[in-house]
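Visitor: Give me coordinates for this.
(chains A, B, C and D)
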Protein chains: 2
Amino acid sequence: MARSTAEGKAATAPKASGEAANAAGTAAAKAAKARQRGVTMTDVAQRAGVSRTTVSFVLSNRADAGISEETKIRIAEAVQELGYRPNAGARALASQRSDWYGIVTEIVTAPFAVDIIKGAQDQAWLDRRFLLIAPSDQADAHGPNQGMEDAAIEKLLEQRVEGLLYAATYHRGVHVPESASEVPTVLINCFDADGKLPSIVPDERTGGRVAVERLLQAGHTRIGIINLDPDIPAAIGRLEGAREALAAAGLELDPELVVSGHATADGGYAAACTILDRYPEGEGQPTALFCLNDRMAMGAYDAIKERGLTIPGDIAVIGFDNQELIAAYLRPKLTTVALPFEEMGALGVRTLAALTAGQPIAADQQLVDCPLLERSSV
Amino acid sequence: MARSTAEGKAATAPKASGEAANAAGTAAAKAAKARQRGVTMTDVAQRAGVSRTTVSFVLSNRADAGISEETKIRIAEAVQELGYRPNAGARALASQRSDWYGIVTEIVTAPFAVDIIKGAQDQAWLDRRFLLIAPSDQADAHGPNQGMEDAAIEKLLEQRVEGLLYAATYHRGVHVPESASEVPTVLINCFDADGKLPSIVPDERTGGRVAVERLLQAGHTRIGIINLDPDIPAAIGRLEGAREALAAAGLELDPELVVSGHATADGGYAAACTILDRYPEGEGQPTALFCLNDRMAMGAYDAIKERGLTIPGDIAVIGFDNQELIAAYLRPKLTTVALPFEEMGALGVRTLAALTAGQPIAADQQLVDCPLLERSSV
DNA sequence: TGATTTAGGTTACGCGCGTTAGTCGGAGGT
DNA sequence: ACCTCCGACTAACGCGCGTAACCTAAATCA
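Guide: Now for the predicted structure:
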């Protein structure tokens, strides 16, 4: 019989069989045991009176190689009693598949877009995969710490990740180190400036459109726009969307109502002052401001309040980015367009899963919607 | 000679030797090669004309077992040419040490204290260790997702992490799942409500003290305090520190000047209104507000400005937490006391390193200083 | 009744690497 | 001329596990 073989083995390995014999102790005892040398599959096999192979089959529940229900139960019990825990590293080594993805990002440094990680984590968790996060200090592609980024990717590859995610804090073009090409790679919130890596970015244009559409719908026709650095993808897309919305309403974008500023509260304050003071109230002064990010909206609030104007009574304000800490705590709470960080992270993992499975992906560059979040400033 | 042995081996393994023969190609070729089946130490050994053992010795630069300089160089060249990359999993399996720590935290969910992760990451990186981050959705110890937290720890243990970090978003007591006790565990920004796990928490008391000391130093003697929920550790500690500072100046804490509110901007606004309206200006009205968090300070700003008062001219304001997005963008910028998240994360890793090395740690509960950040509101 | 299938396993090999216990040829000592 | 010692390596084993190939007794079939 099978059992006799296993028991014979146990007899020739007194130490192991001794362990198994007294293993039905308390939880604490189990923990102590597990710590000192690690319960292995062999231990489980001996306790259940079967071969290690059988245990392996059961634990990775292979439907084929038929194992009797009774045996499965005995093995499950042994696993419980011994507190067995699979060794992920050994499994990866033997099976040549790690179930790990890696994400390299400076987001660890800049909490702003940490939701990308959250989205990716959650999706990976759902797919029963592990997401290894490697930090990268670099703020721009040619920064002084390029070495750190390379090292991060290298470390991830040493872990034999099956795919790589590369995420940026703000939407821009990046140069990905060459070593990343050794496994499937997907860019998040950025795009490949030289190669053809698939990427996932926010749909800035549509975001800009819905923002302005919302203001038009509220009856505003003179809309001031507080712009970012006009050269970055976010500004280009959002402004184009704004233009589209105006055009659809038969309006044109008045260049005098567009002011660029530093992407800070101070910058927003200054820009808002410029726009508001250019025309007297009621005579061309805009009745709404579209701020291309929430920090600038924060400054705009001050400028508006300083002039004795109310929000949204006199001036409606709409932001962009949905930086919770700002948007949800400004008074009144800021209506804004959200950057879909979580969704981008999740989509990144799904795209990676498709890639590693050899399936085709939807498109080289996938756009994710930026939804409008209604609060109280319009 | 040594070489003849190795070459003999190569001759009996035509596939491998063929690979080695054309391996000095372009970077792209190397990458392709590395991908399809992985360059192993054996490949390196063959190319360098030595045994695998020798390669292993050199790569883990063991000073003892003397290897000639010449051989080391030959091996280094082979590593370069083949694009060899060690397999972390296999190494961990063979050496029984993983060099991995795990951190389980709901911080992934709540970006507020993401700096803990950053600090831990950076320190781990310096120590040449890898930090595995596992998410946990639970907001409080008895939340509905306790199962997820257990699963997270389980997953980390399956990776054979050598130590565990457990971090909370806000300073509080927690109950750590039992399975965490299988490896050294350190709590960050929280403390063990029932056991005796070592923990690292902010020094709230000293933080409260320096805040009030700063206000006293600026000449304020009537200081309003906008309190949090009075029962949480943060409130207790900060208030005690405030009391200490006042006592040192021969003053007492006027209970009428302490108002608790909801820990939001609205709550801060309401509390500030209560305090400011309780006394007429100049006749007992406080000239400074110590807000126990920055969000409440944000609301206090509104209350102050609404009354036509200036900051810091009429009323000085000091916050707590240093939530960058708020503190650095309020106008005027908010002077506040910083929670040392990064430092706590780093100290957590260092403590874990000591623990896993069997060294004693400084104390069961380590306090980390909360530094005062001077901006423009005092 | 002997041949064949099938259920329920088992044996044996290898994944990539760390590590202990050698091996081997030559320099130095007597 | 013999022994010892040392420098520079190598052979061989095992880490925990997945998996292809094989085995055996009972059930089924011709």
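Visitor: buried residues in stretch A:97-105?
Guide: Judged by neighbour count using 16 or more other C-beta atoms under 10 Å in any protein chain shown, the buried positions of stretch A:97-105 are A:98, A:100-105. Every C-beta, even on glycine, is put in place using the N, C-alpha and C of the backbone.
Visitor: How many residues are close by A:E342?
Guide: Using other C-beta atoms under 10 Å in any protein chain shown as the criterion, A:E342 is surrounded by 21 other residues.
Visitor: Might you report the residue contacts of it?
Guide: Shown in contact with A:E342 (C-beta atoms under 8 Å, 6 or more residues apart in numbering or on different chains): A:115-116, A:118-119, A:122.
Visitor: Save the residues you listed as a markdown table, and put in distance to DNA strand D and secondary structure too.
Guide: Below are the contacts of A:E342 laid out as a markdown table (distance: C-beta to the nearest atom of the strand, whole Å; DSSP: H, G, I helix; E, B strand; the rest coil):
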| residue | distance to DNA strand D | secondary structure |
| --- | --- | --- |
| A:D115 | 34 | helix |
| A:I116 | 31 | helix |
| A:K118 | 29 | helix |
| A:G119 | 29 | helix |
| A:D122 | 25 | helix |
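Visitor: Now render these as a markdown table, adding distance to DNA strand C, neighbour count and pLDDT.
Guide: As requested, those are arranged in a markdown table below (distance: C-beta to the nearest atom of the strand, whole Å; neighbours: other C-beta atoms under 10 Å in any protein chain shown; pLDDT from 0 to 100):
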| residue | distance to DNA strand C | neighbour count | pLDDT |
| --- | --- | --- | --- |
| A:D115 | 36 | 23 | 88 |
| A:I116 | 31 | 28 | 93 |
| A:K118 | 33 | 21 | 88 |
| A:G119 | 32 | 22 | 92 |
| A:D122 | 31 | 19 | 90 |
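Visitor: Could you identify the pair within the residues you listed that is furthest apart?
Guide: Among the contacts of A:E342, the pair separated by the greatest distance (C-beta to C-beta) is A:I116 and A:D122, at 11.1 Å.
Visitor: Spit out the residues that contact those two alike.
Guide: Residues within reach of A:I116 and of A:D122 at once, by C-beta under 8 Å, 6+ apart, are A:342, A:345.
Visitor: Close to DNA strand D: what parts of chain A are there?
Guide: Where proximity means C-beta under 7 Å from any atom of the strand, the interface of chain A facing DNA strand D comprises A:37-38, A:40-42, A:52-53, A:56-57, A:59-60, A:62, A:65, A:86-87, A:90-91, A:93-95.
Visitor: Can you name the element that comes right after the longest strand seen in chain A?
Guide: Taking DSSP state E as the criterion, chain A has its longest strand at strand A:163-174. Tracing the chain C-terminally past strand A:163-174 and defining elements by DSSP states H and E, one meets strand A:185-192 next.
Visitor: What pairs with the helix or strand following that next one, parallel or antiparallel?
Guide: Using DSSP H and E, the next helix or strand after strand A:185-192 towards the C-terminus is strand A:199-202. Looking at strand A:199-202 with DSSP bridges, its partner strands are strand A:185-192 (parallel), strand A:365-368 (parallel).
Visitor: DNA strand C is nearest to which of these?
Guide: strand A:185-192 (21.7 Å; C-beta to the nearest atom of the strand).
Visitor: List only those of the residues of chain A next to DNA strand D flagged as buried.
Guide: For these, burial is judged from neighbour counts taken by 16+ other C-beta under 10 Å, and it is met by A:40-42, A:52, A:56-57, A:59, A:87, A:90-91, A:93.
Visitor: restrict these to those near chain B?
Guide: Filtering these for proximity to chain B (criterion: C-beta under 8 Å from any C-beta of the partner chain) leaves A:87, A:90, A:93.
Visitor: among the residues you listed, which are in strands?
Guide: Going by DSSP E, the strands hold none of these.
Visitor: Dump those residues into a markdown table; add pLDDT as well.
Guide: Shown next, in a markdown table, are those (pLDDT from 0 to 100):
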| residue | pLDDT |
| --- | --- |
| A:N87 | 96 |
| A:A90 | 96 |
| A:L93 | 96 |
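Visitor: which of those lies closest to DNA strand C?
Guide: When those are compared for distance to DNA strand C, the smallest value, 4.1 Å, is given by A:L93; criterion: C-beta to the nearest atom of the strand.
Visitor: Next, A:T336: secondary structure please.
Guide: strand (DSSP: H, G, I helix; E, B strand; the rest coil).
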